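Novice: I'll drop the sequence and a predicted model, then ask my questions.
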Amino acid sequence: MTEILERATIDFLLYDWLRLDEILARDTYADHTRGSVDAMLDTAARMAVSEYLPCFKKGDRQPPYQDEDGAHVIPELRPLIKSYAEAGFFAADFPQEVGGLGVPYLVQTAATAFFSAANVPALSYSKLAVGNARLIAQFGSDQQREVFVTPQFEGRWTGTMALSETQAGSSLGDIVTRALPDGEDELGVRYRVSGTKMWISSGDHDASDNIVHLVLAKIPGPDGKLIPGTKGISIFIVPKFIPLADGAMIRNDVVLAGLNHKMGFAAVTNCLLNFGEGTRFRPMEKAGAVGWRIGEVGQGLPIMFSMMNEARIGVGLGAAMMGYRGYRLALDYAKTRKQGRAPGARDPATPQIAIIEHADVKTMLLACKAFSEGAMALSLYCSKLLDEAASAATAKVRAEADALLGLLTPVAKAWPSEYGLAANDIAIQVHGGYGYTRDFDVEQLYRDNRLNPIHEGTTGVQAIDLVGRKILRDSVGALDLLTGRIETAITQAAPGLAGEAERLRQVVRELRSAVDIIRRPGSKAVALANATSFLRAFGHTVVGFLWLSIGNAAHATAAESSLKHGKISACKYFFTFEIPKVTAWLAPIVTQNQLTLEVRGEWL
């Protein structure tokens, strides 16, 4: 394979479909041109192939291990983290006033897509650190930014977010990690943090000089008790090593209690961390890990969710690109693997044909393409909304983009996670028996991608967010904004896509009818019980809109090309085989099906 990510597809999506030139023309991005963007993408493509791809299998076959000094990873990861930062990708979309390059988030996402197609696990160390640094840059003090963000910009330190606990999982109101006030210094209000965090990706490793943890914890009230629920949660910077004024560092009381051994994503450490254990490290001879609060007391969850939303879009992009790489591998294999003969060719002496000529294999490849490129398009579309919210000319357009992004965020995480994985599943099938062996990358891609429907909020959690928060609490009319954009794509449909446009119009009507039912008084319980089914219907409708929009852009290109016909064919496949599923997924909402509310646990 010469390209892990087809550059012509990225250019088409950025310039022909999403009109990146119009964003670059804004004053906000005056320092950037198409030439500089192309150079950035060229660098990402080169680094992805020359640096990230070669250790893809090694990271899987030599997983992290633990000894008394902590977790150890393959040695290739440290220079990858360093080179990613030195090439400018870490801080590319950060504002220039905090040390970034100020490129559009859409461009950063496109560059990230190359690295994700090559090796998502290796990239994860840097991407978690990006989210960590962005939160501190946005909500921390000037001194906190200087001490904890700058080393991450330089690739010397990495960062995590430490939310989950064994007994709490996604129910963050049930966390019991506590933080006790411990005075104040140049970094702000200091605390001693004690508790245990579970499922912490890159929580301990030897690929950077320090690890900056963002920890959710509760500050006890005057009675010494923790406030129940989420209102008592605050957020703290708790580094593995405490930086001192003279540049030295001392070990903080953050201890690796164990590594989780996973079916995939093996190169990334996933940790059980003890804060304030006190058995080996007790900085300044007092119990508890040293940390500094960010923001006000009790504002931990709203602040953390600024990072979580970015992380969810990032998870969606990673899932999309793993699915896309599986598709590209399956496509290459199908072009070269010869088996069988054309229908009607009964003479066994005639040459065998490449399996890509068989109708069933074409169907599988079209599904792979529709899923993986549709997922990538969703990630890019949401990235453009981030740029619109930050730089559009009017407050009205900025507010609309922000509202639409909020509505689509659970979809941007869940749909690529589910259908990028589906693309990997199909890629194994195209390879046949070879796809089930470790000699071919498609089996590892499937195992790695299986994580994405789980972490950063499971598909079910995203469904509850979509129905419970985004649909039932849609005070800004985000759904109306979405359906308005869909209607524009329908009315602008190319003549060759008139049938697809009409099918989309029909499913939007069905979706709006289902939303009307969800919003009826007394319907909430049934709606939440069937939220995952609604999410699938909603996600398919959104991706159908994107494929119609992409198909329109492809029709508008003057030159005939395989790329043009490939995009139109994938669009038609999605509307022929996938869009009809929307009606079935909406049925439990429309009929107010209460099966899962009525079934008792003991029956199962």
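Specialist: Sure thing, it's come through.

Novice: The protein - how does it break down into domains?
Specialist: Structural domains annotated on the chain: 7-153, 159-298, 299-455, 458-604, as defined by automatic domain parsing.

Novice: for the record, mean pLDDT for the shortest one?
Specialist: Read it as domain 159-298. Across domain 159-298, the average pLDDT comes to 93.

Novice: thinking again about what came up before, tabulate the domains of the chain in JSON lines, adding columns for mean neighbour count.
Specialist: For the C-beta atoms, the positions are set from N, CA and C on the backbone; glycine is no exception. Formatted as JSON lines, the domains of the chain follow (neighbours: other C-beta atoms under 10 Å):
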{"stretch": "domain 7-153", "mean neighbour count": "19"}
{"stretch": "domain 159-298", "mean neighbour count": "19"}
{"stretch": "domain 299-455", "mean neighbour count": "21"}
{"stretch": "domain 458-604", "mean neighbour count": "17"}
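
Novice: Give the other helices and strands that the helix or strand of the chain with the lowest mean pLDDT contacts.
Specialist: Using mean pLDDT, DSSP states H and E, helix 300-336 stands out as the lowest-scoring helix or strand of the chain, at a mean of 92. Helix 300-336 sits against helix 105-139, strand 157-162, strand 210-218, strand 233-239, helix 359-391, helix 395-431, helix 441-449, with contacts defined as 3 or more C-beta pairs under 8 Å, 6 or more residues apart in numbering; DSSP states H and E.

Novice: If we use 7 Å, what do you get?
Specialist: helix 105-139, strand 233-239, helix 359-391, helix 395-431, helix 441-449 (3 or more C-beta pairs under 7 Å, 6 or more residues apart in numbering; DSSP states H and E).

Novice: just so I know, which of those lies nearest residue 145?
Specialist: helix 105-139 (5.5 Å; C-beta to C-beta).

Novice: Helix 441-449 and the closest one, what's the angle between them?
Specialist: 30 degrees (axes from the mean of the first three to the mean of the last three C-alpha atoms, to 10 degrees).

Novice: How far away from the center of its chain is helix 105-139?
Specialist: Relative to its chain's centre, helix 105-139 lies at 9 Å (C-alpha atoms, centre = their mean, to the nearest Å).

Novice: now swap in stretch 532-550 and tell me
Specialist: 17 Å.

Novice: any residues touching it, and which ones?
Specialist: 17, 374, 377-378, 381, 408, 411, 414-415, 459-460, 462-463, 466-467, 486, 489, 493, 497, 500-501, 504, 507-508, 511, 514, 567, 570-571, 574-575, 578-579, 581-582, 585-586, 588-589 (C-beta atoms under 7 Å, 6 or more residues apart in numbering).

Novice: Could you list the low-pLDDT ranges of the stretch 451-600 of the chain?
Specialist: Scanning the stretch 451-600 of the chain for pLDDT under 70 picks out no residues.

Novice: what's the helix or strand for residue 182?
Specialist: Secondary-structure assignment from DSSP states H and E places residue 182 in strand 178-185.

Novice: packing partners for that strand?
Specialist: strand 188-201, strand 210-218.

Novice: The last one vs helix 300-336, what angle?
Specialist: So that's strand 210-218. 130 degrees.

Novice: Which residues does strand 210-218 contact?
Specialist: Against strand 210-218 from outside (C-beta under 7 Å, 6+ apart): 132, 135, 148, 151-152, 157-163, 172, 175, 177-179, 193, 195, 197, 204, 226-227, 232-241, 249, 254, 275, 291, 300, 304.

Novice: Please give the centre-to-centre distance between that strand and its chain.
Specialist: Taking mean C-alpha positions (C-alpha atoms, centre = their mean), strand 210-218 and its chain are 21 Å apart.

Novice: Quick check: closest non-adjacent residue to the residue positioned nearest the centre of the chain.
Specialist: Central residue of the chain (C-alpha atoms, centre = their mean): residue 315, 1.7 Å from the mean position. Leaving out its chain neighbours, the residue that sits closest to residue 315 by C-beta to C-beta, 6 or more residues apart in numbering is residue 456, at 4.8 Å.

Novice: And for residue 512?
Specialist: residue 483 (6.8 Å).

Novice: which SS state does that neighbour fall under?
Specialist: Using DSSP: H, G, I helix; E, B strand; the rest coil, the structure places residue 483 in helix.

Novice: Tell me the spacing between it and residue 532.
Specialist: 22 Å (C-beta to C-beta, to the nearest Å).

Novice: Next: residue 443.
Specialist: 27 Å.

Novice: Low-confidence ranges, the stretch 1-150 of the chain, go.
Specialist: Using pLDDT under 70, the stretch 1-150 of the chain drops low at 1-2.

Novice: what ranges do the helices span in it?
Specialist: 7-11, 20-24, 34-47, 56-61, 77-86, 105-139, 142-144, 150-153 (DSSP state H, counting those that start in this stretch).

Novice: and if you look at the stretch 501-604 of the chain?
Specialist: Going by DSSP H, counting those that start in this stretch, the stretch 501-604 of the chain shows helices at 524-529, 531-556, 562-573, 581-590, 595-598.

Novice: The fourth one to helix 531-556, inter-axis angle?
Specialist: Helix 581-590 and helix 531-556 are oriented at 150 degrees to each other (the same axes, to 10 degrees).

Novice: let's have the chain start at 356 instead
Specialist: Sure thing, new numbering starts at 356, so read that last one as helix 936-945.

Novice: list the helices and strands helix 936-945 packs on?
Specialist: Packed next to helix 936-945, using 3+ C-beta pairs under 7 Å, 6+ apart, are helix 853-873, helix 886-911.

Novice: hmm, 10 Å instead?
Specialist: Here helix 936-945 touches helix 853-873, helix 879-884, helix 886-911, going by 3 or more C-beta pairs under 10 Å, 6 or more residues apart in numbering; DSSP states H and E.

Novice: Tell me what angle the last one forms with helix 750-786.
Specialist: Here helix 886-911 runs at an angle of 90 degrees relative to helix 750-786 (the same axes, to 10 degrees).

Novice: what's the angle from helix 886-911 to helix 917-928?
Specialist: Going by the same axes, to 10 degrees, helix 886-911 makes 140 degrees with helix 917-928.

Novice: gap between helix 886-911 and the chain center?
Specialist: 18 Å.

Novice: Against residue 474, how distant is residue 635?
Specialist: Taken as C-beta to C-beta, the span from residue 635 to residue 474 is 33 Å.

Novice: Same question for residue 609.
Specialist: Taking C-beta to C-beta as the measure, residue 609 falls 27 Å from residue 474.

Novice: repeat for residue 647
Specialist: From residue 647 to residue 474 the distance is 33 Å (C-beta to C-beta).

Novice: Ok, residue 466 next?
Specialist: Taking C-beta to C-beta, one finds residue 466 at 14 Å from residue 474.
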